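> Build the 3D model from these lines:
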Amino acid sequence: MRKILLGTTAVVGLALAAPAAFAQSAAPAVAGAATSALNVRLGGFFEMTYGVVSDEADKSGVNRRGAGLQSRNTTDFRTEAEIALYVDGTAANGLQYGAFFEFQMDNALSATTGSNTGVDFDEIYGYAKGAWGELRFGNEDSAASLLQVTRPVVWGMGVSDQWDEFLVSDPHIIAGLGDGGDATKIIYLSPQFNGFDFGLSYAANRFEGERQDSSTASVNQRDNTGLTNEITAALRYRGTVGGVGIQAGLAAMFADSAKQSTGGVAIATRDQNVTAYSAGLVLAGLLPGLSIGGDYTWGKYRGTPGGSSVAAGVDGSTQLTLGATYTAGNLTLGVNYGSAVQSNGGTVDDRTQTFYGVGMAYVVAPGMSLYANYNVITDENNPTAQPTSSGATRTSYGNDYVRDITVAIAGVRVAF
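Numbers count the residues shown, from 1 in each chain. Sure, this is the predicted structure:
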């Protein structure tokens with residue numbers, strides 16, 4: 001849901017580009033329902049990754065919340081897999097329609113029992129499209145997330161990518177514009193005209209799925225306990241000028257902050273409503289095989305861009321990311337940089353986070369790739385909770401409030 005979008009979108013694209021591994025006619029139609037021949041296609045991926053981690057949050061003592069505790073192990077393996085199921089049909093009048101189901105191997109079971117390889121849905125939505133554009137309805141990323149232009153990356157590397165899966169607590173405030181948590185929403189994506197396309201989306205709240213309560217507790221997704229009325233919009237340009245490929249875009253999201261507590265009591269001093277804006281530019285072909293670009297994001301939000309609301313009286317957030325990739329044959333090299341600032345409120349210093357990463361990906365055979373990257377993250381003045389106008393309580397890492405992280409990973413990916 002997060003990677004923030006970058007990971008999931010890439011998976012869908014790879015599955016669409018690959019030859020269908022499975023296709024058949026749809027099951028017999030239900031009596032009284034419209035009948036049509038539907039095609040079913042199957043795609044997905046499998047990955048195994050090895051990681052080496054140095055994280056101050058893993059150290060013994062105060063960072064493990066108690067004296068005498070041992071530091072965590074610095075190495076680990078992990079696996080990940082997704083299955084993408086596409087159902088496509090075309091009506092006699094040319095209307096294309098269908099549904100998409102993305103099954104993900106998720107850490108859905110208890111940390112102490114089971115295999116922790118439970119499967120659930122990530123994206124799951126229906127669609128209809130034609131010369132007028134495409135309408136999607138269901139659990140899907142927001143329009144701003146789908147169309148946002150960001151810095152170029154190689155697979156598995158970026159300010160928010162495969163390396164962070166090895167961290168016990170996610171430090172991210174640098175990421176792509178929020179995907180709306182895959183909440184149930186309606187999305188419109190326009191056709192491309194003169195190089196331009198745009199998208200709009202609306203979600204009533206941040207919850208998804210069949211149930212109308214947000215958990216097993218007595219909280220309903222209509223209780224106004226989280227972000228509501230989330231609207232996103234994006235405008236993108238893709239074209240070529242003088243042999244140089246250009247991608248440029250503007251994206252924005254808006255949402256109302258929570259109005260009541262989980263107990264049903266109105267919040268006396270509400271958070272500020274969420275606003276997040278992003279502008280991005282990528283240039284390809286300045287030199288053969290080279291792509292460079294970046295994006296700048298700003299607004300009133302907390303955590304990842306557009307992820308949650310910020311308390312009243314606390315300043316907004318900014319983020320800058322830059323990236324470059326170079327491709328020669330089957331090998332792609334990349335470098336990424338990111339920097340973000342968020343207010344801690346009061347007289348406490350702002351929270352600042354920087355990211356540096358270098359990586360490579362190599363295509364061994366059609367559908368099979370090797371990748372590796374090295375990432376350095378510095379997270380300073382990290383608050384333990386939502387900052388208020390009077391200031392934040394910060395997390396101490398030894399003798400300071402700076403969490404230093406390095407993660408090196410190497411993996412293999414099979415996509416079909």
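
> how about the strands in the stretch 1-150 of the chain?
39-55, 75-90, 96-105, 119-130, 133-139 (DSSP state E, counting those that start in this stretch).

> who wins for proximity to V412 among these?
strand 39-55 (5.7 Å; C-beta to C-beta). (Each C-beta comes from the backbone N, C-alpha and C, glycine too.)

> packing partners for the closest one?
The helices and strands touching strand 39-55, judged by 3 or more C-beta pairs under 8 Å, 6 or more residues apart in numbering; DSSP states H and E, are helix 6-17, strand 75-90, strand 402-415.

> and these, which one's lowest on average pLDDT?
Per-stretch mean pLDDT for the helices and strands packed on strand 39-55 is lowest at helix 6-17 (a mean of 37).

> Where does the prediction get shaky in the stretch 151-300 of the chain?
Low-confidence segments of the stretch 151-300 of the chain (pLDDT under 70): 216.

> if we go to 80?
Counting by pLDDT under 80, the low-confidence segments of the stretch 151-300 of the chain come to 179-181, 209-212, 214-218, 263.

> count of residues packed around R211?
11 (other C-beta atoms under 10 Å).

> Report the secondary structure state of it.
coil (DSSP: H, G, I helix; E, B strand; the rest coil).

> Could you list the buried residues of stretch 254-267?
For stretch 254-267, the neighbour count (16 or more other C-beta atoms under 10 Å) marks F254, A255, D256, S257, A258 as buried.

> Can you convert these into CSV and add a column each for distance to D170?
Below are the buried residues of stretch 254-267 laid out as CSV (distance: C-beta to C-beta, whole Å):
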residue, distance to D170
F254, 25
A255, 21
D256, 25
S257, 22
A258, 21
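
> Need the max-distance pair from these.
F254 and A258 (15.0 Å).

> so what does the helix or strand where L283 lies touch, helix or strand wise?
Assigned by DSSP states H and E, L283 belongs to strand 274-284. Using 3+ C-beta pairs under 8 Å, 6+ apart as the contact test, the elements touching strand 274-284 are strand 244-256, strand 290-300.

> Just want the angle from the shortest one to strand 244-256.
Taking axes from the mean of the first three to the mean of the last three C-alpha atoms, to 10 degrees, one finds that strand 290-300 is oriented at 20 degrees with respect to strand 244-256.

> Excluding its own residues, what touches strand 290-300? List them.
148-152, 177, 245, 247, 272-286, 305-306, 309-310, 316-326 (C-beta atoms under 8 Å, 6 or more residues apart in numbering).

> By neighbour count, sort out the buried ones in these.
148-152, 177, 247, 272-284, 305-306, 309-310, 316-317, 319-326.

> Would you tell me which of the helices and strands packed on strand 39-55 gets closest to S218?
Nearest of the helices and strands packed on strand 39-55 (C-beta to C-beta): helix 6-17, 31.4 Å.

> Put the alpha carbons of the strand holding L283 into CSV.
Output of strand 274-284 as CSV, limited to C-alpha atoms (Å, rounded to 0.1, in the frame of the first residue of the first chain):
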residue,chain,number,x,y,z
VAL,A,274,-4.6,17.7,5.2
THR,A,275,-3.2,19.3,2.1
ALA,A,276,-0.3,17.9,0.1
TYR,A,277,1.2,19.1,-3.2
SER,A,278,3.9,17.7,-5.4
ALA,A,279,5.7,18.8,-8.5
GLY,A,280,8.1,16.5,-10.4
LEU,A,281,10.3,16.5,-13.5
VAL,A,282,12.2,13.7,-15.2
LEU,A,283,14.5,14.0,-18.3
ALA,A,284,15.6,11.0,-20.3
